[in-house]
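In: Sequence first, then the predicted structure, then my questions.
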Amino acid sequence: MTAGSRGDVAPYTGLGHGLARAGHEVTLVTHARFEPLAAGAGLRFHPLPVDPRAELESARGRGLHRSATGVGKLVRVVAMARALAGRMTDDLVAAARTSDALLLAASVGPLGHAVAEGLSLPSLGVHLQPLAPTREFPPPMLGVGSWGALGNRVAGVGVSLAVEQVFAAAVPEVRHRLGLPRVRSAASLRSRERQGWPVCHGFSPLVVARPRDWRPGLDVTGYWWPYDADVQLPPRLREFLDAGPAPVFVGLGSATVPDPERLGTEIVRALRAAGLRGVVQRGWAGLTATGDDMLTIDEVPHSALFPRMAAVVHHAGAGTTAAGLRAGVPAVPVPVQFDEGFWAARLVGLGVAPAALPLRRLTADALSSALVRATRDAGYRERAEALGARIRAEDGITPVREAVNSLGP
């Protein structure tokens, strides 16, 4: 069960396919627009009613751009998600009634946990970000630098409580429907912690090592890759790639921006100033680029495209960050909001990106300078290739399969 944008869904197609190959019957429960992803991976599907793209393009979604800080954005997104959470309840319960166990993404965690408890089903967290509080780094969702050991831990608890507030209206309703006693959200959070509720985290320990102060039951497994077997690039894209030196990929995934035309112009200026060709992914931002040295594309699996790039410029979402690391290519992260600042900082810290360029302050000159460093300093490519080889050797699915098997028959 997961909710959100494509990056919150695609990794679970690979995880689900791996579990299905091990003999489990797997249903992906998420927004209706992502049904083709489930079908392509051979998974069953149960739709949720909310359309995430429509919500981001609504007046409420566009309001996220008016927040200049991570805290401000978090406050806005909590209010937005709280208004939507109740609309998913009926389908989460309906899907759970035909299931033997629930695997819960963080985006539906508190609500899914209540459903599992009400139906006496075992459950397992499957998170794409390190969300449990720790002294070692601040909450990824805030996209800020360290506040020191104590500050990081306190902030992490605060963000966890804020996430509980997303479901503050929906959880009591579903608990009442399923015959459970009423509890406060903070008490529900403490209950899950005391019970040692198991959570598998789908990222590489080479990218984020398991924090030393995490409790038992919080495990880092390695990445879960979107299922995209035997993918062929579109002919026009292959022709463009073959017609010259390796280009740079630019894409913002499911992020939206206030002025896509201005941003597209800045991106093209930066690429040409750096002497680089570009493959620009339209995405939900609606980016475009024109000229013989530029190609605008729609959705293309990153696993097939990224290995052919000189570098990748992206919003540093968890999934796109993972895809760039897997491909072993240098990056220029352009974080927009939430956990993207966290992943951007990891790329810089790992030595595979020269700098993070937050979208709010992006200029053609800054992007061009970063691209020159990323593509002409051989160290970035060498470090990216070495790290990519180690990440590709990891197996993130087996630990989840073992955790699922331990839940019971």
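Out: The structure has been received and is ready for your questions. Residues are numbered from 1 along each chain as shown.
In: Only C-alpha atoms from now on, for both contacts and neighbour counts.
Out: OK.
In: Tell me how far the residue nearest to Pro245 when sequence neighbours are not counted lies from Glu261.
Out: Closest residue to Pro245 apart from its sequence neighbours, by CA to CA, 6 or more residues apart in numbering: Arg277 at 7.6 Å. Arg277 sits 19 Å away from Glu261, going by CA to CA, to the nearest Å.
In: neighbour-wise, which of those two wins?
Out: Arg277 (24 against 15; other CA atoms under 10 Å).
In: residues contacting the more buried one?
Out: 245-248, 271, 293-294 (CA atoms under 8 Å, 6 or more residues apart in numbering).
In: what's the pLDDT at the residue nearest in space to the middle of the chain?
Out: The chain has Ala318 as the residue nearest its centroid, 3.7 Å off, counting by CA atoms, centre = their mean. As summarised for this prediction, Ala318 has a pLDDT of 94.
In: Please tell me I have it right and it contacts Trp343.
Out: Yes: using CA atoms under 8 Å, Ala318 is in contact with Trp343, at 6.7 Å.
In: Surely Ala101 is in contact with Pro122?
Out: Yes: between Ala101 and Pro122 there is a contact at 5.1 Å, judged by CA under 8 Å.
In: what's the overlap in contacts for these two?
Out: With CA under 8 Å, 6+ apart as the test, Ala101 and Pro122 both reach 116, 407.
In: if we can go back for a sec, could you tell me the phi and psi values at the residue nearest to the centre of the chain?
Out: Backbone torsions for Ala318, taken as degrees, to the nearest 10, come to phi -60, psi -50.
In: And Pro216, by the same measure?
Out: According to degrees, to the nearest 10, Pro216 has phi -60, psi 150.
In: can you tell me the helix or strand for the closest residue to it other than its chain neighbours?
Out: Distance criterion CA to CA, 6+ apart; nearest residue to Pro216, sequence neighbours excluded, is Gly196 at 7.0 Å. In the assignment (DSSP states H and E), Gly196 maps to no helix and no strand.
In: How about the contacts made by Gly196?
Out: 215-217.
In: can you tell me how far the residue lying closest to Thr256 once chain neighbours are set aside sits from Val250?
Out: Spatial nearest neighbour of Thr256, excluding adjacent residues (CA to CA, 6+ apart): Ala285 at 4.2 Å. As judged by CA to CA, Ala285 and Val250 stand 12 Å apart.
In: who's more crowded, the two?
Out: Val250 (25 against 21).
In: helices and strands of this structure: which one has the lowest mean pLDDT?
Out: Counting by mean pLDDT, DSSP states H and E, the chain has its least confident helix or strand at helix 59-62, which shows a mean of 52.
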